[in-house]
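Asks: take this sequence and fold it.
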Amino acid sequence: MSDIANAINSLAEPRLIDWATLIVAAASLIVACFAAKFSLEQKQISSRAERAKVLEDLFDVLHILKHYDGENIDSDLLDKTFKRLQKIKLTSTELFSVEATEFVTEVMEKTHAMGTKRALYKNGIPDLFFKIIESSDIEVELPNLEEKNRTVYNEYRYFFFKGAFDKFQKLFAE
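Replies: Modelled structure (predicted):
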């Protein structure tokens with residue numbers, strides 16, 4: 001019986017191979033920790049580079065739209081600009097805050113609507129509108145509609161000229 005107890009005790013004592021295994025396991029754990037840290041840093045660098053590229057694209061688009069009045073940009077450039085805005089919007093949901101994504105959406109909506117706003121302001125209200133209003137017994141004062149169209153058009157122009165840049169600076173530069 002004492003031989004069995006001695007055999008169990010000798011098995012319980014750590015041997016050189018046990019210490020070597022422990023050291024290798026600890027070294028592997030340390031290497032894995034450093035690899036995870038390095039991987040996280042690389043992901044952050046990649047994210048910052050992508051964010052910088054998106055901001056550069058957005059700033060370039062804002063400069064294209066700065067003097068946009070609803071008609072002075074050819075349709076090809078406007079289509080390319082709108083597609084760039086769509087691409088920016090898709091990536092902005094992952095990279096930026098909700099306010100920044102809403103800003104990109106606002107730029108898209110105003111870019112899309114600017115041609116219509118210009119036509120309403122410059123060409124006036126269509127005759128069909130007058131016929132519909134007369135037949136429906138709705139009282140509308142024309143000066144108010146014309147004033148509203150002018151105001152909306154000028155607000156859109158101001159947004160592209162100055163407001164978008166102020167908002168861009170507030171959201172991304174600070």
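Asks: CA atoms for contacts and neighbours, from now on please.
Replies: OK.
Asks: pLDDT score assigned to residue 90?
Replies: If you check residue 90, the pLDDT there is 90.
Asks: what about it, how many neighbours?
Replies: By the criterion of other Cα atoms under 10 Å, residue 90 has 13 neighbours.
Asks: which helix of this structure spans the most residues?
Replies: For the chain, the helix reaching the highest residue count under DSSP state H is reported as helix 16-65.
Asks: name the helices or strands packed onto it?
Replies: With contacts taken as 3 or more Cα pairs under 8 Å, 6 or more residues apart in numbering; DSSP states H and E, helix 16-65 sits against helix 75-95.
Asks: helix 16-65 and the helix it packs on, what's the angle between them?
Replies: 150 degrees (axes from the mean of the first three to the mean of the last three Cα atoms, to 10 degrees).
Asks: with just CA atoms, put helix 75-95 into CSV.
Replies: Taking Å, rounded to 0.1, in the frame of the first residue of the first chain, the C-alpha atoms of helix 75-95 are listed here in CSV:
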residue,chain,number,x,y,z
SER,A,75,-26.6,66.7,-65.9
ASP,A,76,-23.6,64.3,-66.1
LEU,A,77,-21.8,66.1,-63.3
LEU,A,78,-24.9,66.3,-61.2
ASP,A,79,-25.6,62.6,-61.7
LYS,A,80,-22.1,61.7,-60.6
THR,A,81,-22.3,64.1,-57.7
PHE,A,82,-25.6,62.5,-56.6
LYS,A,83,-24.1,59.0,-56.9
ARG,A,84,-21.2,60.1,-54.8
LEU,A,85,-23.6,61.4,-52.2
GLN,A,86,-25.4,58.1,-52.1
LYS,A,87,-22.2,56.3,-51.6
ILE,A,88,-21.2,58.7,-48.8
LYS,A,89,-24.6,58.2,-47.2
LEU,A,90,-24.1,54.4,-47.2
THR,A,91,-20.7,54.6,-45.5
SER,A,92,-21.6,57.4,-43.2
THR,A,93,-24.1,55.2,-41.3
GLU,A,94,-21.2,53.0,-40.1
LEU,A,95,-18.6,55.7,-39.6
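Asks: quick one, phi/psi of residue 116?
Replies: The phi/psi pair for residue 116 (degrees, to the nearest 10) reads phi -70, psi -40.
Asks: from residue 110, how far out is it?
Replies: 10 Å (Cα to Cα, to the nearest Å).
Asks: ditto for residue 4
Replies: Distance of residue 4 to residue 110, computed by Cα to Cα: 88 Å.
Asks: neighbour count: those two, which is higher?
Replies: Between residue 4 and residue 110, counted using other Cα under 10 Å, residue 110 has the larger neighbour count: 16 against 9.
Asks: mind giving me the packing neighbours of the helix or strand hosting that one?
Replies: Here residue 110 is covered by helix 98-123, with elements defined by DSSP states H and E. If contacts are counted by 3+ Cα pairs under 8 Å, 6+ apart, helix 98-123 sits against helix 75-95, helix 142-158.
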